[in-house]
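> Here's a sequence, model it:
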Amino acid sequence: MVLVCPTPNDLEAYAGDYLSEELAAIYRCEVRDGQLWLRINSRRWERLDPTVRDEFVPHIREPADGRNLTFVRDDKGNVTGLAADYYRVSGVRFAKKK
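Below you'll find the model as predicted:
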């Protein structure tokens with residue numbers, strides 16, 4: 001496993017809105033001050049930290065916080081969605097809105 005340190009330009013690939021019809025939720029990602037930030041529906045913004053390529057975790061984690069976001073790419077390398085893991089639930093899919 002190789003930890004990554006994406007540049008602000010690298011992070012721009014993740015910026016956008018992601019929709020889960022299953023959860024009726026929108027995840028919005030933005031790049032601010034060289035970091036990736038996430039907002040779920042109308043909740044507060046939270047900073048994400050990269051781990052390995054295309055994976056992020058919340059910067060501030062509670063002891064039982066098992067959240068992990070994995071961005072999904074197509075054959076051409078474009079980010080097309082993400083999969084969210086929460087505690088015991090894994091692989092909840094979100095499609096990137098165009």
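
> Contacts only, for Cys5.
Pro50 (CB atoms under 8 Å, 6 or more residues apart in numbering). In this view, the C-beta of every residue, glycine as well, is placed from N, C-alpha and C.

> Validate this expectation: it resides in a strand.
No: applying DSSP: H, G, I helix; E, B strand; the rest coil, one finds Cys5 to be coil, outside a strand.

> Can you report the mean pLDDT over the residues of stretch 41-58?
Across stretch 41-58, the average pLDDT comes to 96.

> Going along the chain, name the helices of this structure.
Taking DSSP state H as the criterion, the chain carries its helices at 8-11.

> looking at it, which helix or strand is least sure?
Least confident helix or strand of the chain, by mean pLDDT, DSSP states H and E, is strand 89-96 with a mean of 92.

> So what are the sheet partners of it and their directions?
Using DSSP bridges, the strands paired with strand 89-96 in its sheet are strand 16-20 (antiparallel), strand 79-86 (antiparallel).

> For these, give me CSV that also has distance to Thr70, mean neighbour count and mean pLDDT.
Formatted as CSV, those follow (distance: least, CB to CB, whole Å; neighbours: other CB atoms under 10 Å; pLDDT from 0 to 100):
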stretch, distance to Thr70, mean neighbour count, mean pLDDT
strand 16-20, 12, 18, 97
strand 79-86, 5, 18, 95
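
> Can you add distance to Arg93 and give those strands back as CSV?
As requested, these are exported to CSV (distance: least, CB to CB, whole Å):
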stretch, distance to Arg93
strand 16-20, 7
strand 79-86, 6
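
> do you know which of those strands lies nearest Lys98?
Set against Lys98 and scored by CB to CB, those come closest in strand 16-20, at 8.6 Å.

> Now do the closest one: distance to the chain's middle.
Distance, stretch centre to chain centre, for strand 16-20: 10 Å (CA atoms, centre = their mean, to the nearest Å).

> what comes into contact with it?
Contacts of strand 16-20 (CB under 8 Å, 6+ apart): 25-29, 79, 81-82, 84, 92-97.

> Ok, stretch 85-98 next?
Against stretch 85-98 from outside (CB under 8 Å, 6+ apart): 16-20, 22-23, 25, 27, 64, 66-70, 72, 79-84.
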